[in-house]
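**Q** Okay, structure incoming, though there's no sequence with it:
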């Protein structure tokens, strides 16, 4: 294991650099752009997430002795490229959509400008972070809409790679989740955590009642008791008998959750526990959450579906060379065509604040920015240094919340359809 | 970021411990078991992967000052549990299916035995690793079968979290892939790497020919030239003109790959480049690979589908308390029922070596192990120390290869169906 991020890179980036150093093209000034050709499954928007993680990873992108030794061992690289890497330092510029921003097919989400040598190496690392974090945030934002103000708890760490789990907890929080179960996400990113007990705690004890007494004694009556280890009705009765009507919440993790929520609410009310909340978990996704909207539920625990992007575990973003020495370039052999030239984007709004259109234009072309419009990309890195004052996680969360208020209401539908707003490409000079 | 793995844990594991310390149940001797209730999408087997990663992570599972401070900051935990954690060290036993083993619904993949205190905390970390790595290896093994001896290259790093990418490269190699694009997987796990160039390299140059000349000059005529940036037929012609008929390979990354492979082969042969290989990439999964079996293809580059488990990005494994102080325990309220008691498994084979049945039995019950049968779980950790001589990655790869030869041929079908062999549960004492 190396301590930096420089080897989180595909070998071909280094062999290309090797060849470009040899023929003198490595110094050509290039712009690479990150964009998604489409949104998965007819979704209506994507959510930008992971930008601070990209900047942090860029800061640790160094080829030290350890990395050079590992590269030498592959036998695929010349001394020329290994010598070059030893002194490499990204000194280029990065402009991009800020975290919490919406994106659409073709949005210029991130533009990296510098020499070919310094830009080509970042493809894998930049895409890994953005494809993961945007996939999670995009799915999580739909769940937030479906929950319609009820509390969402991310508890999917166990269903994804241990490091991806930390990033997923962060992305879900960005997208409106209230808390995570993941303690490293608290330590690393300040995400609020929650969690009280599993079935194992009840099974450890000689009876459910003993388990509940132990939990209430240690964690207080405000705790959440998990009531479905044996019989749910008996579990709720025992829970209120042990904790009293001030019990914080009951959690139900199995069965027909809608029916269970109704019964639990009625039973809790009949026992005088009218303030005790009902928390549901167990294979919930945005559609199941929406389907429970009429039921007396106070919070949802969401696991697998959020950390795996609810059917779209990767955002499908690509990192393409679009400009060389000021000249637009683009692949043109097939359906995977891309649009040449370094680009920017303006989001146009009605005077009411509703977004109506994304205009993607050549960065060096003049474009009208009206009173209610907004230039979407912001400076992220200048001459290799991260720009100061980029939004915090809390600010990005608020930015996303406002963005979702601004799109037309059809854009929030869970069904498949067109992007929430159309994108117009103005790419002639 | 903390340096260890102890916070890759769900908060409820610590609140449970808190309550169990208070009422004296934390010292009860427990066994937790990892199993999958089902295989995804009617698949016929799962592949165990990630076991050495679990053991490595367990070795770094320590609550140091940094971790304790982070936990204290959550406000959810008492001084009692924080004091306990500071001295915590897993001293229990772990028995499980070795890496490269096949598993089926209900297989006791990993059994962790020790005090409740030391076992309950490992749930999230153990499941994160196994759910991820087994999902990737299980999908990759089907691709290996579909490729029928042709070379598979894992190149999906950019489609998944940057750390998950390294683990995915390892899991794909375990499952029969020949190489990865991911350089960190080489440095960390010794996985062979490969890769030569992307479309960006061609676009960087003033012409495709100049790009090919530069690549051949730097990497030799044995390199792989990417020929689909502009027109594929012209690209192949230029490639052979520049490199000569000794050109190593051409790669095609877009278009109707079957048709393109046929045309490329014919064109290469007509140019005398009969030894030049054809490499295909671009949205390949096990079904697309199988569909190309009749075409003249030498190698496949596989990205998104392998690193996202080809539709099953998580293996769905759970970690359940099955035994307390020698007494079997199990949740019993719903469809999520589990089977109590610490278990082991024997795989029965015909004298020909074909597997016929998995017998899962109570660990403390006697079971007949015939001449051709095999006890599947092995000791992994004893009294907190990893057992010496566990299989290397290469050995696990070979173990899987033999396992896949041993199952009935229907078990290798890509279509949905029953598990390759039935599992019989013998759980009465």
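**A** Done, it's in. Note that the structure is a prediction, hence the values are computed from the model and not measured.
**Q** Contacts made by the helix or strand hosting residue A:69 with the rest, please.
**A** Here residue A:69 sits within helix A:65-74, counting by DSSP states H and E. Outside helix A:65-74, the residues that touch it by Cβ atoms under 8 Å, 6 or more residues apart in numbering or on different chains are A:2-4, A:6-7, A:11, A:14, A:63, A:77, A:82, A:85-86, B:183, B:186-187, B:193. Every residue, glycine included, has its C-beta placed from N, CA and C.
**Q** Domains in chain A, by residue range?
**A** Domain assignment for chain A by automatic domain parsing gives A:11-136+A:333-426, A:146-311.
**Q** export those to a markdown table and tack on distance to residue B:19, mean pLDDT and mean neighbour count?
**A** Putting those into a markdown table (distance: least, Cβ to Cβ, whole Å; pLDDT from 0 to 100; neighbours: other Cβ atoms under 10 Å in any protein chain shown) gives the following:
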| stretch | distance to residue B:19 | mean pLDDT | mean neighbour count |
| --- | --- | --- | --- |
| domain A:11-136+A:333-426 | 31 | 96 | 19 |
| domain A:146-311 | 4 | 97 | 22 |
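**Q** and of those, who's closest to residue B:399?
**A** Closest to residue B:399 of the domains of chain A, according to Cβ to Cβ: domain A:146-311, at 23.1 Å.
**Q** hang on, isn't residue A:46 packed against residue A:103?
**A** Yes: shown here, residue A:46 and residue A:103 form a contact pair, counting by Cβ atoms under 8 Å, at 4.5 Å.
**Q** which residues do these two both contact?
**A** Listed as contacting both residue A:46 and residue A:103 by Cβ under 8 Å, 6+ apart are A:36, A:134.
**Q** If I look at residue A:429, what pLDDT would I see?
**A** The pLDDT attached to residue A:429 in the predicted structure is 54.
**Q** can you pull the contacts of residue A:297?
**A** Shown in contact with residue A:297 (Cβ under 8 Å, 6+ apart): A:150, A:261, A:278, A:279, A:280.
**Q** Would you reformat these as JSON lines and include secondary structure and distance to residue A:396?
**A** Listed next are the contacts of residue A:297 as JSON lines, based on DSSP: H, G, I helix; E, B strand; the rest coil; distance: Cβ to Cβ, whole Å:
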{"residue": "A:150", "secondary structure": "coil", "distance to residue A:396": "22"}
{"residue": "A:261", "secondary structure": "helix", "distance to residue A:396": "32"}
{"residue": "A:278", "secondary structure": "strand", "distance to residue A:396": "31"}
{"residue": "A:279", "secondary structure": "strand", "distance to residue A:396": "27"}
{"residue": "A:280", "secondary structure": "strand", "distance to residue A:396": "28"}
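**Q** want to throw these into a markdown table with distance to chain B?
**A** Listed next are the contacts of residue A:297 as a markdown table, based on distance: Cβ to the nearest Cβ, whole Å:
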| residue | distance to chain B |
| --- | --- |
| A:150 | 20 |
| A:261 | 14 |
| A:278 | 16 |
| A:279 | 12 |
| A:280 | 13 |
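**Q** With distance to residue B:205 as new columns, can these be given to me in CSV?
**A** What follows is the contacts of residue A:297, written out as CSV (distance: Cβ to Cβ, whole Å):
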residue, distance to residue B:205
A:150, 56
A:261, 63
A:278, 63
A:279, 59
A:280, 58
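**Q** Remind me what the host helix or strand of residue A:56 packs against, helices and strands.
**A** Take DSSP H and E as the rule and residue A:56 turns out to sit in helix A:51-59. Helices and strands touching helix A:51-59, as assessed by 3 or more Cβ pairs under 8 Å, 6 or more residues apart in numbering or on different chains; DSSP states H and E, comprise strand A:93-96, helix A:123-147, strand A:378-382, strand A:385-386.
**Q** Please state the offset of that helix from the chain centre?
**A** For helix A:51-59, the separation from the chain centroid amounts to 14 Å (computed by Cα atoms, centre = their mean, to the nearest Å).
**Q** could you measure residue A:8 against chain B, distance?
**A** Counting by Cβ to the nearest Cβ, to the nearest Å, the separation of residue A:8 from chain B is 5 Å.
**Q** just residue A:162 next, same as before
**A** To chain B, residue A:162 is 4 Å away according to Cβ to the nearest Cβ.
**Q** Tell me who's in contact with the residue nearest to that residue when sequence neighbours are not counted.
**A** Nearest non-adjacent residue to residue A:162, counting by Cβ to Cβ, 6 or more residues apart in numbering or on different chains: residue B:128, 3.9 Å away. Neighbour list for residue B:128: A:157, A:158, A:159, A:160, A:161, A:162, A:165, B:8 [criterion: Cβ under 8 Å, 6+ apart].
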